[in-house]
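Novice: A structural model of the following input is requested.
(2 chains)
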Protein chains: 2
Amino acid sequence: MLKMAEPIIHHRHPEFTELFTRVNNNLRNLFQTSGDVLTLTSSGTGAMEAVVCNLHQRADTAIFVNGGKFGERWGEILAAYGVHGVEITVEWGSSVSADMVVNALKANPAADAVYLTHSETSTGAATDIETIAKQVHKNSDAAVVVDGITAVGAMELRMDEWEVDAVVTGSQKGLMIPPGLAFLAFSERAWKMAEKSTLPKYYFDLKKAKKAIKENDTPWTPAVSLVIGVDTALEMLRAEGLENVWKRHERLARSIRSAAKALDLRILAQCPSNALTAVTIPSSVDAKLFNKTLKNKYGITVAGGQGHLKGKIFRISHLGYYDELDMTAMVSALELTLRDCGYKFELGSGVEAALSAFSE
Amino acid sequence: MLKMAEPIIHHRHPEFTELFTRVNNNLRNLFQTSGDVLTLTSSGTGAMEAVVCNLHQRADTAIFVNGGKFGERWGEILAAYGVHGVEITVEWGSSVSADMVVNALKANPAADAVYLTHSETSTGAATDIETIAKQVHKNSDAAVVVDGITAVGAMELRMDEWEVDAVVTGSQKGLMIPPGLAFLAFSERAWKMAEKSTLPKYYFDLKKAKKAIKENDTPWTPAVSLVIGVDTALEMLRAEGLENVWKRHERLARSIRSAAKALDLRILAQCPSNALTAVTIPSSVDAKLFNKTLKNKYGITVAGGQGHLKGKIFRISHLGYYDELDMTAMVSALELTLRDCGYKFELGSGVEAALSAFSE
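Specialist: Sure thing, here's the model as predicted:
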């Protein structure tokens, strides 16, 4: 934060170019790709739209998986551009399987892309990107697109090795800085599709960004202070080591899941994300009292449920700048809140389970 | 900058809603409109595109004025969306007249919008928005769109009173904070056009932003730290008083123009902007030596020329957080640099002219 508060550098000053070159190198490592990772000044949704309007032609067909609010968003963006979206509906909390995707491709041979969500933030469910991407490419030429907004920098993702064609993420998740930047990478296959794309675009025209990044530049003035911030964040991730970052998230997620189980709380996702854990509020507990107590008495903010899950779940974030003690603090506050709400359990059993999980 | 470095607030937290409500009120005053001013997370170019893709249908006709790099950009965006752009070409440094615009409208009665640039940053030329907007509305139903990116907060602009239908600006100009936010307002006429617009859009779908702002919210995660920054900047402008801010820019611009004249330097723009002054480099002076000396010896950065003006002009900014002494420092450095470059003039005459101009 203090780095971002330093006097601003002009985005075409050599000092910025040097910094942005380092950012671009670190982003390639983060995405595990040898290609360019483009920096856009927008929210993650802007980058999602950039994928759609650069990959497609009008009246293309594409498959998307709707297993929550963010999968649904792919469908909305495809529709906005007149791309025929074939929806694979997955119950909230479940994850799509490779078979389901391959079957949808067989039923829709015109589909030229599959839109997935690595970590569905509305449910805490993870998608097995590696298996699906490889299966898709065994069976078709369709591009595999991944919304990695809450996954990149939290969960293992190897864009090139896993044969993923497009990945997007945002600055305020695994990258730990305030919102305002989004990052996007295309495979060779995706760039070939982009060459033929005729959908209207200007600000999100990725060919302009691809041309500019050759000079470590952007086509439009970027959010300079946020780029300076992300440079610091990327250097932190590099110092920790990307695999260690993934392992840390896995360890923290495991501890929260262990604690939830020890407290007899149900985890919503069958295949849970390491970025967040969605937990069902027990039927004996008043949801409003629960949230109010956790926030006002113990100073911990959790996210509620969205859509039909409103008032039924709470979502614990363990994405980004967190360590083991943040998790034990979280579980301690959770236990105290549950006790205040009259829920019956053995006080301390959640924290004990979390501690045990760290050393597994 | 330090305000932006404070721990981040979630964009749906009541504390942020309170801050964003204040931002929205101050933006209405800045734009001099009773309507909503929308905050977008993008560069100014993103907001320019948002105007085009929300106002039009495919195959609409619109008039744009190309008197520099930024007027030209309107034409590029219109073309990207399949809107037929009728170009009024103006020599770089000149400004379009109301007659030219009205004649273009008469020759193209199908045109439903006129795209203007209040302060053309590539040439330092200003456009008489008030006269043109009123003349356009006397003669047609076309919407008047203003790129106010370097003008808003520097030059008088009264959106409602002048009958302007769309205004866009960016965060890093008159609003003095780092880049990453853009601001956009529509008149009733523009919103009516937006209702009928069929061009594809999602992130820049302004109907979503208009709906969200009713709750002092944004449809997508905004660049929260920059919104916090712009709140501080808008409060500074409010404390100074908007008319005083305009007068300050007029005073600083006048001092630079007086100094240039006293040094026998030619100002490029016939109707100069108060945001910046583009000055021709005398033929006896080596442009590269001039820029290098000014920057490296005296620590002052000026912008060079773009396109065919490269190496022929330099552009002095007096936009945003500047006062009189910044201008005398600028002119002093300019005089010392010109002397170092062998230019003949009476040392001190520029500063004297600047000082005299302050009290005019």
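
Novice: who's in contact with the residue in the stretch 201-350 of chain A that chain B sits nearest to?
Specialist: The stretch 201-350 of chain A approaches chain B most closely through residue A:223 (2.9 Å), counting by Cβ to the nearest Cβ. C-betas here are computed from N, CA, C, even on glycine. Listed by Cβ atoms under 8 Å, 6 or more residues apart in numbering or on different chains, the contact set of residue A:223 reads A:41, A:180, A:181, B:41, B:178, B:179, B:180, B:223, B:226.

Novice: Go ahead and build a ChimeraX selection from the buried members of these.
Specialist: Buried subset of those, written as a ChimeraX selection, criterion 16 or more other Cβ atoms under 10 Å in any protein chain shown:
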select /A:41,180,181 /B:41,178,179,180,223,226
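
Novice: any idea where the strands of the stretch 1-150 of chain A begin and end?
Specialist: A:37-41, A:61-66, A:84-89, A:111-117, A:119-120, A:125-126, A:143-147 (DSSP state E, counting those that start in this stretch).

Novice: Highest mean neighbour count out of these?
Specialist: strand A:119-120 (a mean of 32; mean count of other Cβ atoms under 10 Å in any protein chain shown).

Novice: Sheet-wise, list the partners of that strand with their directions.
Specialist: For strand A:119-120, the paired strands and their directions (DSSP bridges) are strand A:125-126 (antiparallel).

Novice: Residues of the stretch 201-350 of chain A that sit close to chain B?
Specialist: Contact residues (Cβ under 8 Å from any Cβ of the partner chain) of the stretch 201-350 of chain A with chain B: A:201-205, A:220-226, A:301.

Novice: List buried residues within the residues you listed.
Specialist: Buried members of those, counted by 16+ other Cβ under 10 Å: A:201, A:202, A:203, A:204, A:205, A:220, A:221, A:222, A:223, A:224, A:225, A:226.

Novice: Among those residues, which one lies nearest to residue A:165?
Specialist: Lowest distance from residue A:165 to those (Cβ to Cβ) belongs to residue A:204, with 17.2 Å.

Novice: For that closest one, which three-state class applies?
Specialist: Following DSSP: H, G, I helix; E, B strand; the rest coil, the label given to residue A:204 is coil.

Novice: thinking again about what came up before, is it possible to get a markdown table of the residues of the stretch 201-350 of chain A next to chain B that adds pLDDT?
Specialist: Formatted as a markdown table, these follow (pLDDT from 0 to 100):
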| residue | pLDDT |
| --- | --- |
| A:201 | 98 |
| A:202 | 98 |
| A:203 | 98 |
| A:204 | 98 |
| A:205 | 98 |
| A:220 | 97 |
| A:221 | 96 |
| A:222 | 97 |
| A:223 | 97 |
| A:224 | 97 |
| A:225 | 97 |
| A:226 | 97 |
| A:301 | 91 |
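
Novice: from those residues, which is closest to residue B:52?
Specialist: residue A:202 (8.0 Å).

Novice: contacting residues around the closest one?
Specialist: So residue A:202 contacts B:45, B:49, B:52, B:76, B:77, B:80, B:81 (Cβ under 8 Å, 6+ apart).

Novice: Quick check: phi and psi at it.
Specialist: The phi/psi pair for residue A:202 (degrees, to the nearest 10) reads phi -140, psi -70.

Novice: Could you dump the contacts of residue A:223 into TSV and include secondary structure and distance to residue B:250?
Specialist: Putting these into TSV (DSSP: H, G, I helix; E, B strand; the rest coil; distance: Cβ to Cβ, whole Å) gives the following:
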residue	secondary structure	distance to residue B:250
A:41	strand	31
A:180	coil	33
A:181	strand	36
B:41	strand	31
B:178	coil	26
B:179	coil	25
B:180	coil	28
B:223	coil	31
B:226	helix	28
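
Novice: I'd like the contacts of residue A:223 laid out as TSV, including distance to residue A:349.
Specialist: Output for the contacts of residue A:223, formatted as TSV (distance: Cβ to Cβ, whole Å):
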residue	distance to residue A:349
A:41	47
A:180	41
A:181	41
B:41	43
B:178	48
B:179	51
B:180	46
B:223	42
B:226	44
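
Novice: Going by distance to residue A:129, which of the contacts of residue A:223 wins?
Specialist: Set against residue A:129, the nearest of the contacts of residue A:223 by Cβ to Cβ is residue A:181 (22.4 Å).

Novice: I appreciate the help and will end here.
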